[in-house]
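Visitor: Please find the sequence and the predicted model below.
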Amino acid sequence: MRLPEPRGPLSDALARDLATRTTLSPETVALGEESAADPADALLDDDLQLSLAIAYELHYRGFDGVSDDWEWDPSLLGLRSSLERRHLAGLLALVGPIEVTDEPVDRQITALIDADESPSLSSFMAKRGSAEQWREYLTLRSVYHLKEADPHTFAIPRLSGRTKAAMVEIQADEYGGGSAARMHSELFAGLMRDLDLDADYGALWDEAPAAAFASVNTMSLFGLHRRWRGAALGHLTAVEMTSSEPSRRYSSGLRRLGYDERTTVFYDEHVEADAVHEQIASVDMCGSLVAGEPELTADVLFGAAASLAMDGLAARHLLDAWEAGRSGLYRDRALAA
């Protein structure tokens, strides 16, 4: 994967340092501090979200021409920490206060889902989404789905007992149960190719909007920090509990455009798998976690709420753009400007 095109002074300086230096320049550090102190909405800040995604990507597959030694460079970790604080502040503001009750945690997560008022992107795509809108939607989702399961998997070593076993059971299915061809990331890549998109890992980062990076950065933040292990599990649980029916609608939308089961297999797989995962995630995984560590209940609920909020942010971004008659992709917006 090559380094993406910069979207502002911070991502420009960061990419230049990664390619040419062995530690961050004072200029980049100063730009990071300025960005971290900016009161504007972090979740829609293209420069910040891309910079944070670049920093996190060093823990995934890295970049061509960038030394693996950067992964644990102290100066880079310091920059990442600053950006994480602003991202987290934006996330807390978006999610708002969450009430913890005495109900079982699975019921509390269900209540959060029932109260969510985000627009239904899957309903739009099922009934009205054009082929071009589908390509935009898949471009946005490719930032996550081409690494599907990886951000959450970082949390596994931070767990034990029934909680860990339940998460491994879910993640094993995400990775195709041992079959590379059935890995959900590979099924998504096939879907992209069928709609004439470049399915190489990271190939469409330059087109993806800030909302795409904000969503994956939230997962990476939760997965890479032991402090947020409860949020990582809550986030995964909300994903599993809210994807079965939308996946059915997405599959219907593709069939409406003339695609068959070869293309819809990614969504068809989620209709079945996530219906099974729902109980494993909410009862076995989260239920076991909070039974042993009840102080993590609030974090579990925060992670679930963050998942819903980030999906809503992405849905509103695309639907608002389409309603206004414009593209929801970053490159198209930049070219128009």
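Guide: Nice, I can see it. Residues are numbered from 1 along each chain as shown.
Visitor: Return the per-residue confidence for the residue of the chain positioned farthest from its centre.
Guide: Relative to the mean C-alpha coordinate of the chain, counting by CA atoms, centre = their mean, the farthest residue is residue 26 (30.4 Å). If you check residue 26, the pLDDT there is 98.
Visitor: do residue 331 as well
Guide: Model confidence at residue 331, given as pLDDT, is 81.
Visitor: Correct me if wrong: it contacts residue 204.
Guide: No - contact criterion CB atoms under 8 Å: residue 331 and residue 204 do not qualify, at 9.2 Å. Heads up, the C-betas are built off the backbone N, CA and C, glycines and all.
Visitor: between those two, who's got more neighbours?
Guide: Neighbours per residue (other CB atoms under 10 Å) separate residue 331 from residue 204, with residue 204 holding more: 25 against 15.
Visitor: mind listing what that one touches?
Guide: In this structure, residue 204 makes contact with 139, 142-143, 197-198, judged by CB atoms under 8 Å, 6 or more residues apart in numbering.
Visitor: try 6 Å
Guide: The contact partners of residue 204, taken as CB atoms under 6 Å, 6 or more residues apart in numbering, are 139, 142.
Visitor: Begin at 21, not 1, for the rest of this chat.
Guide: In the new numbering, first residue 21, that becomes residue 224.
Visitor: before we move on, what SS does it have?
Guide: Three states are possible here, and by DSSP: H, G, I helix; E, B strand; the rest coil the one that applies to residue 224 is coil.
Visitor: how close does it get to residue 24?
Guide: Look at residue 224 and residue 24: by CB to CB, to the nearest Å, they are 10 Å apart.
Visitor: what sits in contact with each of the two?
Guide: Contact criterion CB under 6 Å, 6+ apart; no residue bridges residue 224 and residue 24 by contacting each.
Visitor: So, low pLDDT: which residues of the chain?
Guide: Across the chain, the stretches falling below the confidence threshold (pLDDT under 70) are 353-357.
Visitor: what residues go with each domain of it?
Guide: Per the record, the chain has its domains at 29-114, 122-356, by automatic domain parsing.
Visitor: Give me the secondary structure label for the nearest residue to residue 32 once chain neighbours are set aside.
Guide: Nearest residue to residue 32, sequence neighbours excluded (CB to CB, 6 or more residues apart in numbering): residue 26, at 3.6 Å. Assigned by three-state DSSP, the conformation of residue 26 is coil.
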